[in-house]
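In: I'll drop the sequence and a predicted model, then ask my questions.
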Amino acid sequence: MPETTVCRWLPEDPAIVDAYVHELLHTSRLIHGRDPDTRERFANVGEDLETAFGKINVSFDLSRVAHCYRFAAGEKQAPVVIELHPVVKEFKEFIEAEGVVYAAFNKMFEQAPKPSSGQRQITNYIELMEAINTNLATAPTYRPGPSAMVAGVPFYGIIARFCNTNAGYEAFTHPGVNQRFYRVFTTWHQYLTSSESTNVIHDKEGGWLSTVALNAMVQSAGGNPEKQTFDSFYVCDTSDPHYGFKSYDELFIRELKEIHRAVVLPDDVSIVNSACSSTVHKLYYDLKETDKFWIKKTPYSLSHILANDERTKHFVGGTLLQAMLGSLDYHRWRSPVKGTVVKTRLISGATHPNPPPTYYAACLDDDHTDLDVVSRSQDFVTAISTRALIFIQADGPVGLMCFVGVGLGEVSTCNIVVKEGDKLEKGDELGQFHFGGSTHCLIFGPGVSVSAIQQGNENPPLVGSKVRVGKDILRVGCFP
């Protein structure tokens, strides 16, 4: 049986993911000049869409496609058939030029499980590139219920169906493919940090300031939406149309008010606090320097997680805690201990281009119904994805420990804000994840005894619990 995870990025029901793709393809095919149902081309690049719609039996509704276009103030809103963005066009050309990649990108469509009957589906790499091109022009919108999970990771939503296939694994571990994903996400991130991306920060349906979206963000932070408001939890300016957020990214890394990230037992060096608002996935003992991280139940390989850092051997035989963040969670990292930063490293597409970290590779399993295979591969991805390493010499019994931030999928940006020599108090900011779901680890040496602190009034176990940033989660001591 495949290993399950206590947190996930996609809903367990594949029909919800299929519905997201079905709707996306309606937009994607139209703006690329294709009939949404037959996929036949009805217009060429540059043709006026409203005029071209007269050639097919589809009514023109600007509201269905307007979010894919960026019109200047006062410019007539006349959408046309779009061409592939240069980074997507080059991605497509790379697939076609590299035989191994071309074969993998064709076979994975044959090997993937079929979607719900009657739903539009991506059937070839050309349409996949067009779907990626469509997402590239937009910021994530809010969707209520389980659909919010797909909307938070829109690229993973269209790619997940192919991740749990042999051909998909071959495609998504290829260095050249991941170089292209890096360029795509770099372009997308430039848009998400721009003022143009505030077009999704509004109080209408699908907007991040709609009542359902604000309530969801309060609930994710541990609040009660019936009694507490967004502005009582997060730093914002409700007098501004966008609540003071200058871009989608600013909303994504929104700051909690201090009372909601207060550190429990801030002066107790025998207590390790939660570095992120997250759901605890695993507490793992007796770490190996190298291990078969691609096989279930032998999950963590220190030399791969720490990118062969010279401090790797210090942690052999030690303990690791891993916890996962959802797309609605607070995405800043805060120090779990009091101490001094001794080293930072960023393992990313920018710093390690040969080969770059992977974005959608997963540990293959036999579950072809649940599409969220990357979430089921939390241990596996710590060794192959974008990572931020922050080594801290902690006061008291903890000693040298390491915070590892792992950016997955479209979350290809980990931003470290501390440097070597910085003195830390518990709760000081270490950095942020940007643009989607992610996971993180705390790693301790072998000379430290680490035990979980049960959570809540009914004392549920730590593993499986949602913990807020700053919460006391581990008790540490020295072995005799």
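Out: Okay, I see it. These figures come from a predicted structure and were not determined experimentally.
In: Residue ranges in the protein under the pLDDT threshold?
Out: For the chain, applying pLDDT under 70 flags the ranges 1-6, 60, 292-298, 349-351, 353-355, 411-412, 436-437, 457-459, 480.
In: Could you pull out the strands in it for me?
Out: Applying DSSP state E to the chain gives strands spanning 271-273, 278-284, 319-325, 332-334, 339-347, 386-394, 399-407, 413-416, 423-424, 429-434, 438-444, 448-452, 466-467, 472-478.
In: For the second one, which helices and strands make contact with it?
Out: Same thing as strand 278-284. Packed against strand 278-284, as judged by 3 or more Cβ pairs under 8 Å, 6 or more residues apart in numbering; DSSP states H and E, are the following elements: strand 319-325, helix 378-381, strand 438-444, strand 466-467. (Each C-beta comes from the backbone N, C-alpha and C, glycine too.)
In: what's the answer for the last one, then?
Out: For strand 472-478, the elements it packs on are strand 271-273, strand 448-452, judged by 3+ Cβ pairs under 8 Å, 6+ apart.
In: partner strands of the first one, parallel or antiparallel?
Out: Take DSSP bridges as the rule and strand 271-273 pairs in its sheet with strand 472-478 (antiparallel).
In: got the angle between the strand it pairs with and strand 278-284?
Out: Here the directions of strand 472-478 and strand 278-284 differ by 30 degrees (axes from the mean of the first three to the mean of the last three Cα atoms, to 10 degrees).
In: Just want the angle from strand 472-478 to strand 448-452.
Out: With the same axes, to 10 degrees defining the directions, strand 472-478 sits at 150 degrees from strand 448-452.
In: buried residues in strand 472-478?
Out: 472-474, 476 (16 or more other Cβ atoms under 10 Å).
In: now do stretch 362-372
Out: 362-364, 367-368, 370-372.
In: could the residues you listed go into JSON lines alongside distance to Ser247?
Out: Formatted as JSON lines, the buried residues of stretch 362-372 follow (distance: Cβ to Cβ, whole Å):
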{"residue": "Ala362", "distance to Ser247": "30"}
{"residue": "Cys363", "distance to Ser247": "34"}
{"residue": "Leu364", "distance to Ser247": "37"}
{"residue": "Asp367", "distance to Ser247": "37"}
{"residue": "His368", "distance to Ser247": "38"}
{"residue": "Asp370", "distance to Ser247": "33"}
{"residue": "Leu371", "distance to Ser247": "30"}
{"residue": "Asp372", "distance to Ser247": "28"}
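In: nearest residue to Arg161 other than its sequence neighbours?
Out: For Arg161, ignoring the flanking residues on the chain, the nearest one in space by Cβ to Cβ, 6 or more residues apart in numbering is Ala112 at 4.9 Å.
In: Which one, of the helices and strands packed on strand 278-284, ends up nearest to Lys76?
Out: Nearest of the helices and strands packed on strand 278-284 to Lys76, taken as Cβ to Cβ: strand 438-444 at 40.7 Å.
In: Which residues does the closest one contact?
Out: 272, 275-276, 278, 281, 287, 302, 305-306, 315, 318-325, 331, 333, 336, 378, 381-382, 398-399, 401-408, 411, 450, 474, 476 (Cβ atoms under 8 Å, 6 or more residues apart in numbering).
In: Quote the end-to-end distance of stretch 29-44.
Out: In stretch 29-44, first residue to last residue: 12 Å (Cα to Cα, to the nearest Å).
In: Buried residues in that stretch, which are they?
Out: 29-36, 42-43.
In: wait, isn't the residue nearest to Arg161 in contact with Thr165?
Out: Yes: between Ala112 and Thr165 there is a contact at 5.5 Å, judged by Cβ atoms under 8 Å.
In: which one of the buried residues of stretch 362-372 is nearest Leu84?
Out: Top of the list for closeness to Leu84, among the buried residues of stretch 362-372 and by Cβ to Cβ, is Leu371 at 25.7 Å.
In: check contacts around the closest one.
Out: Going by Cβ under 8 Å, 6+ apart, the list of residues near Leu371 reads 10, 14, 17, 113, 160-161, 163-164.
In: now do Gln219
Out: Pro225.
In: And Leu49, by the same measure?
Out: Contacts of Leu49 were listed using Cβ under 8 Å, 6+ apart, and they are 30-31, 43, 60, 65, 79-81.
In: Can you add distance to Pro146 and give those back as a markdown table?
Out: Shown next, in a markdown table, are these (distance: Cβ to Cβ, whole Å):
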| residue | distance to Pro146 |
| --- | --- |
| Leu30 | 26 |
| Ile31 | 26 |
| Ala43 | 35 |
| Phe60 | 31 |
| Val65 | 25 |
| Pro79 | 30 |
| Val80 | 35 |
| Val81 | 33 |
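In: Nearest to Pro446 among the residues you listed?
Out: Lowest distance from Pro446 to those (Cβ to Cβ) belongs to Ile31, with 56.0 Å.
In: What separation is there between the closest one and Phe94?
Out: 23 Å (Cβ to Cβ, to the nearest Å).
In: got it, and Leu251?
Out: Separation of Leu251 from Phe94 (Cβ to Cβ) stands at 33 Å.
In: quick one: which of these two has more around it?
Out: Leu251 (23 against 17; other Cβ atoms under 10 Å).
In: Phi and psi next, for the nearest residue to the more buried one once chain neighbours are set aside.
Out: Using Cβ to Cβ, 6+ apart and skipping the chain neighbours, the partner closest in space to Leu251 is Phe245 (4.3 Å). Dihedral angles of Phe245 (phi, psi; degrees, to the nearest 10) stand at phi -80, psi 120.
In: and Gly339, what is it in contact with?
Out: By Cβ under 8 Å, 6+ apart, the contact list for Gly339 reads 392-395, 398, 423-424.
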